[in-house]
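S.K.: Sequence below, structure please.
(one chain, ligands or ions: 2)
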Amino acid sequence: MSEATLAPAAVEYLDLPALTDLLQRIFLRHGTSATTARVLADNCARAQRDGSHSHGVFRIPGYLSSLASGWVNGQALPQVEDVAPGVVAVDAGGGFAQPALAAARALLLSKARSAGIAVLAIRNSHHFAALWPDVEPFAEEGLVALSLVNSMTCVVPHGAQRPLFGTNPIAFAAPREGAEPIVFDLATSAIAHGDVQIAKRQGQQLPPGMGVDRDGQPTCDPAAILDGGALLPFGGHKGSALSMMVELLAAALTGGNFSFEFDWSQHPGAQTPWTGQLLIVIDPSHLGGGHFAQRSGELVRQMQAVGLERMPGDRRYRTRAKSLEEGIPLAAAELARLRALAGDDKTGDD
Ligand SMILES: NC(=O)C1=CN([C@@H]2O[C@H](COP(=O)(O)OP(=O)(O)OC[C@H]3O[C@@H](n4cnc5c(N)ncnc54)[C@H](OP(=O)(O)O)[C@@H]3O)[C@@H](O)[C@H]2O)C=CC1
Ligand SMILES: O=C(O)C1=NCCCC1
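M.R.: Ligands and ions are numbered 1, 2, ... in the order given. Predicted coordinates:
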């Protein structure tokens, strides 16, 4: 059937509280604690609201199969350690990274405000989400935040023969006077693993330069990358160096696993990387005369004056505004699957 004769997929709209509630009930029904269900649902619903499609509801089956396989502990109680005036550590207990961050957040914030800078080292944790939700709220409170998390071996270091690094994202958020925070959040691979999975599902080819097949040959076929192939770092040796830095800061520094160190082969269905995460939070009121938000606003104005039309984060903020106005669009079939997973549809297959 040609595209022109295809009926548009049916779409339904939920507001943020309704989607969060639905996702929370799914997590609860599949073995997480109430806190973990609340934190993950909030994270995932906000990703969907902002159009972070590779890390929104697309991830729910992976969360659930990882829980079902016993790979990740949905009941873990994060242990927060007050290490030094500017250092907080958390042992996530083999649970998710986001509840660990939530448990340590107040202490991290008060240390950053009093010392000017504070570091949070999360270890023994699973991060399966977008990274911007971890940093953006700090910038909304006037702080600068940087976070790094490593994932699972699927990226060939520049100049190497086989994969070793994860897709290892870096997210940064800074306050800006009179506007939303400046935020970027990017995988250090040429493309996120989730986007390769989505391309495969949709039968699309990738642009050149994203990955290699099982023989190390360049390919645009997402299936060849996922089936024994690998991704490449973005920007050659430069992205590769940043990915190495993420391994060092998110794993070696926190006490977490490198992307190549965990073995999930005995847990069919496991998809969540068991690694570590680092967050650095700076209170700019201690530095630079305390005018950081004005200065960042000035920088953006100058970037616009030389022709910049789109800042990192603009697409998300636009999608967020549209979602708040119209509701969060979800394919009707996807929403039906989510409702079945929550037990809302007693005839549904979950
Ligand atoms: N948990 C994990 O282990 C992993 C998670 N991820 C997540 O995957 C997600 C997607 O990553 P990735 O595919 O690298 O992200 P993208 O390449 O889509 O975007 C990266 C950043 O660049 C911005 N951007 C994109 N296009 C432009 C442009 N033309 N001009 C200016 N800025 C632009 C984006 O802003 P905007 O958001 O507004 O589009 C975003 O901040 C991230 O949320 C990341 O955290 C990735 C790897 C591993
Ligand atoms: O898209 C990615 O790349 C990843 N996202 C979640 C964790 C695994 C890697």
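S.K.: contacts and neighbour counts: CA atoms only from here.
M.R.: Noted.
S.K.: Around ligand 2, pick out the residues from the stretch 51-200 of the chain.
M.R.: Within reach of ligand 2 by C-alpha under 6 Å from any ligand atom, the stretch 51-200 of the chain has these residues: F128, A129, S151, T167, A192, H193, G194.
S.K.: just how off-centre is stretch 56-69 within its chain?
M.R.: 14 Å (C-alpha atoms, centre = their mean, to the nearest Å).
S.K.: Same check on stretch 291-303?
M.R.: The chain centre lies 27 Å from the centre of stretch 291-303; the measure is C-alpha atoms, centre = their mean.
S.K.: Tell me how many other residues crowd A187.
M.R.: Other residues lying near A187 total 24 when counted by other C-alpha atoms under 10 Å.
S.K.: For K200, which residues are in contact?
M.R.: The contact partners of K200, taken as C-alpha atoms under 8 Å, 6 or more residues apart in numbering, are D221, P222, A223.
S.K.: how about it, phi and psi?
M.R.: Main-chain dihedrals, K200, degrees, to the nearest 10: phi -60, psi -50.
S.K.: What of A251?
M.R.: phi -110, psi -60.
S.K.: measure it to G343 for me?
M.R.: Taking C-alpha to C-alpha, to the nearest Å as the criterion, A251 is separated from G343 by 37 Å.
S.K.: Tell me which of these two has more neighbours.
M.R.: Between A251 and G343, counting by other C-alpha under 10 Å, A251 is the more crowded of the two (26 against 17).
S.K.: for this protein, longest helix please?
M.R.: When the chain is parsed with DSSP state H, its longest helix is helix 97-115.
S.K.: Following element in sequence after that helix, please.
M.R.: Next in sequence after helix 97-115, counting helices and strands by DSSP states H and E, comes strand 117-126.
S.K.: And the contacts of that next one?
M.R.: 72, 85-97, 100-101, 104, 108-109, 111-112, 250-251, 253-257, 272-283.
S.K.: again, but for stretch 32-47
M.R.: By C-alpha under 8 Å, 6+ apart, stretch 32-47 touches 16, 19-21, 23-28, 53, 55-57, 73-76, 96, 98-99, 102, 129-130, 133.
S.K.: before we move on, the earlier item: out of the contacts of K200, which are buried?
M.R.: D221, P222, A223 (16 or more other C-alpha atoms under 10 Å).
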